[in-house]
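Q: Return a 3D structure for these sequence lines:
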Amino acid sequence: MTYSAKLGLYIDGEWLSGDGRDTHSVLNPATGAGQADLPLATAADLDRALAAAQKGFEAWRAVTPEQRAALLNKTAALVRERADTIARIATMEEGKPVAEAKGEVMAAAAMLEFHAGEAVRVYGRVLMRAPGMRSMVLHHPVGPVAAFCAWNFPALNVVRKIAPAVAAGCSIILKPSEETPGSAVEIMRCFQDAGLPGNVAQIVFGVPDVLSRHMLASPVTRKLSFTGSVPVGKHLMKLASDSVMRMTMELGGHAPVLVFDDCDLEKTLDILVTHKFRNAGQVCVAPTRFHVQETIYEKFVQGFAERTKKMQIGSGLDAASQMGPLANPRRPDTIAALVEDARASGARVLAGGEREAKDGGFFFQPTVIADIPLEAKAMNDEPFGPLALIRPFGTVEDAIAEANRLPFGLAAYCFTESGRRQNLLAETVEAGMLAINQVRMTWPDAPFGGMKESGFGSEDGPEGIMAHLTTKAVHIA
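A: Predicted coordinates:
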């Protein structure tokens, strides 16, 4: 199947090719082969995009909420109409099974529709004062946004950035990953064909550090939105602090899973194995550290390993594949090193643990590691791959302490039938999102974000659009 994305920069309503620009080779992770050349922005391109974003903001902030909502709904309809094409492109540049990619694209469409509704639900308030006086609380769009998003959800991450900005009345310059550009380009074409002015949303690609320094140093940029790793997020925060701009940071995680002996064990295993290896484990909210009560520990470990061994690995374009390749050539090396460190520390590798030789692609077997000590690297550094790390615990206090041990606090999972325990975990587990007896974290109407070193601010939900608004108090006599 041919990679059909027509790659380019999108600046001030114009698609720009690689003429005279450096390029980046986009690889197919299932084969390791190059499939397209992506043009990279020059300093002049970035200056043009920033100037356009300033003009776009001045005009778009004056557009009525109803018009913004109509534009977002029209974009959503185009995304749904083109979902099969966008999903195939996402699979060919990121690796996930095409059915997963199709689900991601449909989730992006739902996100657009939700923010269309939120565009007309930005409310201020009037405060009671003495007769003849009035105080109001108003919300205004913050200004041009610089947004950076990761490669693991190349369609949904793009919409997460653009939709709330557009709904709020902001302009935005988006830098998607250079490894998965086609999905972003196709989403942007949907916005363009829906009628969004070309200076309201733009796409640039480039050397990440050079590009981020240029955009964040500009007085045009008034908000930073970033999805990615903790170290890069900290670096960008330092750059953005010079101008004290608004920030939303969705950083890495290392999600604990607390499994208690009163859970429905077979159902829990079916849910967790499927979810652990979704997108080959390359998910910021992926269940990773499995803490299982001692009384059911061996049953859980064996059941997890048995199910994992049955998983079919292959190209994401193959309908039989349950897990595709990792996204780039760096990931198998990283995962292999973590597995070897776990083995050396005395852990048991019960399934997988090896690279998978397939057509030159970046494959690694879904892997189950039991009895892994806390000192192992994988228990402290986010694996971001197909590793399930399993340890026993005794009491609920032990489980909570281990869940909260790391500096990350993005997502956590708990499986228990005790309502009293569910309430306790909801209060004490340090995570921005907690799923109990299920695994879904992403809903258009619910905030998505973390605490501690996993970041701050929220995407999605009403909080997503509010993150793009400033608050002003007006007092009149």
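Q: in which helix or strand would I find Val126?
A: Secondary structure here is read from DSSP states H and E; on that basis Val126 sits in strand 125-127.
Q: quick one: strands adjacent to the next helix or strand after that strand?
A: For strand 125-127, the following helix or strand on the C-terminal side (DSSP H and E) is strand 134-141. The sheet places strand 134-141 alongside strand 125-127 (antiparallel), strand 469-476 (antiparallel), with pairing taken from DSSP bridges.
Q: Pick the most buried one from the ones you listed.
A: strand 469-476 (a mean of 12; mean count of other Cβ atoms under 10 Å). For glycine as for every other residue, the C-beta is placed from the backbone atoms N, C-alpha and C.
Q: Need the contact partners of that strand.
A: With Cβ atoms under 8 Å, 6 or more residues apart in numbering as the test, strand 469-476 has contacts from 122, 129, 133-142, 168, 246.
Q: ChimeraX command for the buried members of the residues you listed?
A: This is the ChimeraX syntax for the buried subset of these, where burial follows 16 or more other Cβ atoms under 10 Å:
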select :122,139,140,141,142,168,246
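Q: between the contacts of strand 469-476, which is closest to Leu258?
A: Sorting the contacts of strand 469-476 by distance to Leu258 puts Arg246 at the head of the list, at 34.5 Å, by Cβ to Cβ.
Q: Now that closest one. Its backbone dihedrals?
A: Geometry field for Arg246 lists phi and psi as phi -60, psi 140, criterion degrees, to the nearest 10.
Q: Would you state the predicted confidence (pLDDT) at it?
A: pLDDT, the model's per-residue confidence, is 96 for Arg246.
Q: what does the one 10 residues further on give?
A: Reading off the confidence values, Pro256 has pLDDT 98.
Q: Could you report the neighbour count for it?
A: Using other Cβ atoms under 10 Å, Pro256 has 26 other residues around it.
Q: Quickly find the element holding it.
A: Secondary-structure assignment from DSSP H and E places Pro256 in strand 255-259.
Q: Not counting its own residues, what contacts that strand?
A: With contact meaning Cβ under 8 Å, 6+ apart, strand 255-259 is reached by 268, 272, 285-293, 296, 300, 393, 399-400, 402-403, 410-416, 425, 429, 431.
Q: after it, next one along is what?
A: Scanning forward in sequence from strand 255-259, with DSSP H and E defining helices and strands, the next element found is helix 265-276.
Q: just checking, what packs against the following helix or strand past that next one?
A: The C-terminal neighbour of helix 265-276 among helices and strands, as given by DSSP H and E, is strand 287-293. Based on contacts counted as 3 or more Cβ pairs under 8 Å, 6 or more residues apart in numbering; DSSP states H and E, the elements that strand 287-293 packs against are strand 255-259, helix 265-276, helix 297-309, strand 387-393, helix 396-403.
Q: Can you get me the start-to-end distance on stretch 173-190?
A: 16 Å (Cα to Cα, to the nearest Å).
Q: can you pull the buried residues of that stretch?
A: The neighbour-count check on stretch 173-190 (16+ other Cβ under 10 Å) flags 173-190 as buried.
Q: Please apply the same query to stretch 86-102.
A: Of the residues in stretch 86-102, those scored as buried under the neighbour-count criterion (16+ other Cβ under 10 Å) are 86-98, 100-102.
Q: The spatially most central residue of the chain: which element?
A: With the centre of the chain defined as its mean C-alpha position, the nearest residue by Cα atoms, centre = their mean is Asn157, 5.3 Å away. Counting by DSSP H and E, the element that carries Asn157 is helix 156-168.
Q: mind exporting that helix as CSV, just the C-alpha atoms?
A: As requested, the backbone C-alpha atoms of helix 156-168 are provided in CSV (Å, rounded to 0.1, in the frame of the first residue of the first chain):
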residue,chain,number,x,y,z
LEU,A,156,-5.9,12.8,18.1
ASN,A,157,-3.0,14.8,19.5
VAL,A,158,-3.3,17.3,16.7
VAL,A,159,-7.1,17.8,17.3
ARG,A,160,-6.4,18.1,21.0
LYS,A,161,-4.3,21.1,20.3
ILE,A,162,-6.2,22.8,17.5
ALA,A,163,-9.8,22.3,18.5
PRO,A,164,-9.9,24.1,21.9
ALA,A,165,-7.7,27.0,20.5
VAL,A,166,-10.0,27.6,17.6
ALA,A,167,-13.1,27.3,19.8
ALA,A,168,-11.7,29.9,22.3
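Q: following that helix, which helix or strand shows up next?
A: If you walk from helix 156-168 toward the C-terminus, the next helix or strand you reach (DSSP H and E) is strand 172-175.
Q: Pull up the pairing partners for that next one, direction included.
A: According to DSSP bridges, strand 172-175 forms sheet pairs with strand 145-148 (parallel), strand 201-203 (parallel).
Q: wait, what's in contact with the spatially closest residue to Ala435 that is not a sequence neighbour?
A: With Cβ to Cβ, 6 or more residues apart in numbering as the criterion, Ala435 has its nearest non-adjacent residue at 5.0 Å, and that residue is Tyr413. With contacts defined as Cβ under 8 Å, 6+ apart, the neighbours of Tyr413 are Ala255, Pro256, Val257, Leu258, Leu272, Pro287, Leu434, Ala435, Ile436, Val439.
Q: For Tyr413, name its beta-bridge partners.
A: When bridges are taken as DSSP bridges, the partners of Tyr413 come out as Val257, Ala435.
Q: separation between it and Gly13?
A: Taking Cβ to Cβ, to the nearest Å as the measure, Tyr413 and Gly13 are separated by 44 Å.
Q: got it, and Phe226?
A: Remark: distance between Phe226 and Gly13 (Cβ to Cβ) = 25 Å.
Q: What of Pro181?
A: When distance is defined by Cβ to Cβ, Pro181 is 19 Å away from Gly13.
Q: Same question for Gly124.
A: Distance, Gly124 to Gly13, by Cβ to Cβ: 32 Å.
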